[in-house]
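J.: build me a model from this:
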Amino acid sequence: MAPRAGQLTAPGVHDADRGAVTELLGRAPLGEFEVVVRDDAGVPVVIRNAPLLDDGTPMPTRYWLVGAAERVAVGRLESRGGVKRAEEAVDPGALAAAHAAYAAERDAEVPADHAGPRPYGGVGGTRRGVKCLHAHYAWYLAGGDDPVGRWVADHLDEPDEPGVPDEGVPAGG
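T.: Take a look at the predicted model:
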C-alpha cells in the first residue's frame, strides 16, 4: 500500500501535482508544498509544506499525509485507540527528540526576516505526546526518525474490529 521511509521524490511542484493534491485534500492547498513521497503509480502520498501559508499564517505541520488509502488506513488505526496506544508504547524521550527535530527542520525554513507569528510545536504542531498519527506517519514515510511513525507502520495491518467505520475517516497531517 504505502511506500516505505526514504522514498523521496525530486523537489518541485508541477501543475499535475497541484491538481492531484487539490483532489486528494478536497480543496486547494493554502501554501507552497512539494511532493516528497509517491506511490508506485506516481500519485502523491506525502507533501512537505512551507512553514508559512501564502497569507503568512504559520503552518506547524511540515509533513502532510495526502494519500487516500494511507489516510483511511491510519484513520482506522486511530479509531481503534491508536493515538493512546502509540503514546503508551513509545519512549517519551525518543518522542520528545522527534518533536524537537521536526520543529528544528521546519523552523530552519522560516525566512530570517519574517517578523510575524511563527509555527510552533513539533509533529502536527504539538509540543509533547501524540496528537495525530497521520502527521507522524507522513514524516516517517518521508524519512523522518519518528518512533510514532514507525509504530504506525508496524500496526497498520492489524485487522479491523467489527463495527469500526471504514469511510469518512479524517484526512490529516
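
J.: for the protein, which segments are assigned as helices?
T.: Listed in chain order, the helices found in the chain under DSSP state H are 15-25, 68-79, 82-89, 92-107, 133-141, 147-155.

J.: of all these, which lies closest to Gly56?
T.: Shortest separation from Gly56 across those is recorded for helix 92-107, at 15.3 Å, computed as CB to CB. Any C-beta I mention is one placed from the backbone N, CA and C, and that applies to glycine too.

J.: quick check: the gap between Val90 and Gly42.
T.: 32 Å (CB to CB, to the nearest Å).

J.: looking at the two, which one has more neighbours?
T.: Here Val90 and Gly42 are compared on neighbour count by other CB atoms under 10 Å; more neighbours surround Val90, at 20 against 11.

J.: let me see the contact set for the residue nearest to that one when sequence neighbours are not counted.
T.: Among residues not flanking Val90 along the chain, Pro147 sits closest, at 4.5 Å (CB to CB, 6 or more residues apart in numbering). Residues counted as contacts of Pro147 (CB atoms under 8 Å, 6 or more residues apart in numbering) are Val90, Asp91, Ala94, Leu95, Ala98.

J.: now tabulate those residues in a markdown table and tack on distance to Glu34 and pLDDT.
T.: Formatted as a markdown table, the entries for the contacts of Pro147 read as follows, by distance: CB to CB, whole Å; pLDDT from 0 to 100:
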| residue | distance to Glu34 | pLDDT |
| --- | --- | --- |
| Val90 | 28 | 97 |
| Asp91 | 31 | 97 |
| Ala94 | 27 | 96 |
| Leu95 | 26 | 96 |
| Ala98 | 21 | 96 |
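
J.: among the residues you listed, the buried ones, what's the PyMOL command?
T.: One line in PyMOL is enough to select the buried members of those, burial here meaning 16 or more other CB atoms under 10 Å:
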select buried, resi 90+95+98
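
J.: I'd like the contacts of Pro147 as a markdown table, with distance to Val74 appended.
T.: As requested, those are arranged in a markdown table below (distance: CB to CB, whole Å):
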| residue | distance to Val74 |
| --- | --- |
| Val90 | 16 |
| Asp91 | 21 |
| Ala94 | 20 |
| Leu95 | 17 |
| Ala98 | 17 |
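
J.: understood, closing this out.
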